[in-house]
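J.: please find the sequence and the predicted model below.
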Amino acid sequence: MDSIKQFLEKDTPEVYRLYDRILEGTGDLNDLIKDVRDRLLQLGLHMIEELLEQTDRELRDLPGRSTRYHVERKNQQKELLCSMGVLHFRRTGYKDLETGKYVCLLDRLLGIGRHDRVTTECIARILEEALESSYAKGGRAASPKDKITKQAVKEWVHGLDFSEPVKEQKEKKKLRYLHIVADEDHVVAQFHQRKGDLEKDENGNKNNTILSKLIVLYEDIYDEASEKQQAKGKHRYRLIGKHVFSGTHKGSLENEYFWQEVADYIEKTYDTDELERIYIAGDGAQWIKAGTQILIKSRFVLDRFHMMKYVNESVAHLEDSADDAKSEIWEALNAGNRKELGNIYGRILAATESESKAEAVKKAYRYFINQWDGIMTRVEERGGCWKCCAEGQVSHILSARMSSRPMGWSEKGCDQMSHLRAYRENDGKVMDLLRYKEKQEKKKRGREEQEEKDRMIREYRRNRSGAYEDVKELQIPGISLKNMKWMRDFLENAI
């Protein structure tokens, strides 16, 4: 309440004087808004600092405190960056007579680490900006007047823990079909493990590509466009029951773990006895097809986007007859007629004079033959939902942050940011992610310290009841004035 008194006595008159200058034509409304915002932020910081220092005094006066904790240093300064600015407060340092260690009871009560310089809510604010733009902009979003280095932001991203297990649903969903699209984003590597470790091929080109893999699971697709829009051929599709998985996952073993993560989610979310089929759609890469070995009742489906890509490359040079040839190829593919497809490509090759074009036609034909199992799934089973395209999901979830603009990544940074983007896409809150990490770190520190903290909290709560009752009787200068109704309402609600 001292902070509020000081605000009313010193800041409020200054605000009124600035407003008077606006009415006189010598001031500016924008300056007033900025001035009030800065003063209110400062008021908020002072209120928090006052509460912390009052709590420190109450801890020092706890009955029986001296039997366990001996005061060693008073008025120890602590700076803590929060989303409002920098908190400056003083607290007491003690010697724990049982362990001989130096402790700050206020820090322990509030869960502040000895070397913490930034609050968890401020880190969450920083990471929310960093997952959208860059580490540097994330650092600048720390608070209105303070910023964090991009190196610190990078370290927080690298240190995130995504290992929280999936919660098993009490009532599992009963569905006949589930659908998956899978693809990868090609991210530019600044380095792999350390700077300067990028190797060059025989042509002198750097091996600087990191594959960030993406798996999108969904239940169905709904067209949100109006009937008029649909009649005009305009659609706006939304995935129902969407859940995203992402990461770099290099090598067959890591890839197996990746698909096992998907399997665990399906097992805990859906009634697998009711499930008849899981369709895995993609371009036919080995890491995508490997999912059929992990997920029960699953079949691979060749993604229509990649089919269209190779169909178009097959006929691009045929000029006026391109549309007819394209229709014939699609007819053979949709019928699953492998022999007819071969005949069509034979005729296309006969009409192709350029050697380079002929090679493109052969490449397209080989692609379809190699992925024939995925083509036949489309032909033989009609339970699939084929409208979703993995390319759009990759662009929205990964490329928008990691590869659409010139930037370089390490493998660790690419993997962590992929996980973070997927986590956010699944409606995860960064604050919850940080709290989970804190919870895991507390487990490592041991049960004894936590039990001591719990005991101290119980003791503190028993002795602080009624500590703020006198606030009701507090008389603030000018509180009865007509234009101070907002302060009276504030105090009434606060108490």
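T.: Structure received.
J.: count the neighbours of K437 for me.
T.: For K437, the neighbour count with other CB atoms under 10 Å is 19. From N, CA and C alone the C-beta is placed, and that goes for glycine too.
J.: thought it was touching E164?
T.: No - look at K437 against E164 with CB atoms under 8 Å: they stay out of range, at 9.2 Å.
J.: how far away is the closest residue to A335 other than its chain neighbours from A364?
T.: Distances taken as CB to CB, 6 or more residues apart in numbering place V379 nearest to A335, at 6.9 Å, with adjacent residues excluded. Distance, V379 to A364, using CB to CB, to the nearest Å: 19 Å.
J.: pLDDT weak spots in the stretch 1-150 of the chain?
T.: The stretch 1-150 of the chain contains no residues with pLDDT under 70.
J.: which residues in it form strands?
T.: For the stretch 1-150 of the chain, applying DSSP state E, counting those that start in this stretch gives strands covering 69-82, 85-96, 102-103.
J.: other residues contacting the shortest one?
T.: Looking back up the chat, that one is strand 102-103. 69, 72, 93-96 (CB atoms under 8 Å, 6 or more residues apart in numbering).
J.: wait, which of those residues is closest to E132?
T.: G93 (40.1 Å; CB to CB).
J.: quick check: the gap between that closest one and V86.
T.: Counting by CB to CB, the separation of G93 from V86 is 21 Å.
J.: which residue ranges of the stretch 201-350 of the chain form helices?
T.: Applying DSSP state H, counting those that start in this stretch to the stretch 201-350 of the chain gives helices spanning 227-231, 251-269, 286-289, 291-294, 304-315, 322-335, 338-350.
J.: tell me which strands and helices the second one is in contact with?
T.: To tie it back to what came earlier, the one meant is helix 251-269. When contacts are defined as 3 or more CB pairs under 8 Å, 6 or more residues apart in numbering; DSSP states H and E, helix 251-269 sits against strand 209-218, strand 243-247, helix 291-294.
J.: and if you look at the third one?
T.: Contact here means 3+ CB pairs under 8 Å, 6+ apart; on that basis helix 286-289 packs against strand 177-188, strand 277-282.
J.: and the longest one with strand 243-247, angle?
T.: Here strand 177-188 runs at an angle of 30 degrees relative to strand 243-247 (axes from the mean of the first three to the mean of the last three CA atoms, to 10 degrees).
J.: can I get strand 177-188 in PDB? Just the C-alpha atoms.
T.: Extracted C-alpha coordinates of strand 177-188, given in PDB (Å, rounded to 0.1, in the frame of the first residue of the first chain):
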ATOM      1  CA  TYR A 177     -10.500 -44.800 -39.600                       C
ATOM      2  CA  LEU A 178      -7.600 -42.600 -38.700                       C
ATOM      3  CA  HIS A 179      -5.500 -40.600 -41.200                       C
ATOM      4  CA  ILE A 180      -1.900 -39.500 -41.200                       C
ATOM      5  CA  VAL A 181       0.100 -37.300 -43.600                       C
ATOM      6  CA  ALA A 182       3.800 -37.200 -43.300                       C
ATOM      7  CA  ASP A 183       6.500 -35.100 -45.000                       C
ATOM      8  CA  GLU A 184       9.700 -33.200 -44.100                       C
ATOM      9  CA  ASP A 185      11.000 -29.600 -44.300                       C
ATOM     10  CA  HIS A 186      14.500 -29.000 -45.700                       C
ATOM     11  CA  VAL A 187      16.200 -26.700 -43.200                       C
ATOM     12  CA  VAL A 188      19.500 -25.000 -43.900                       C
END
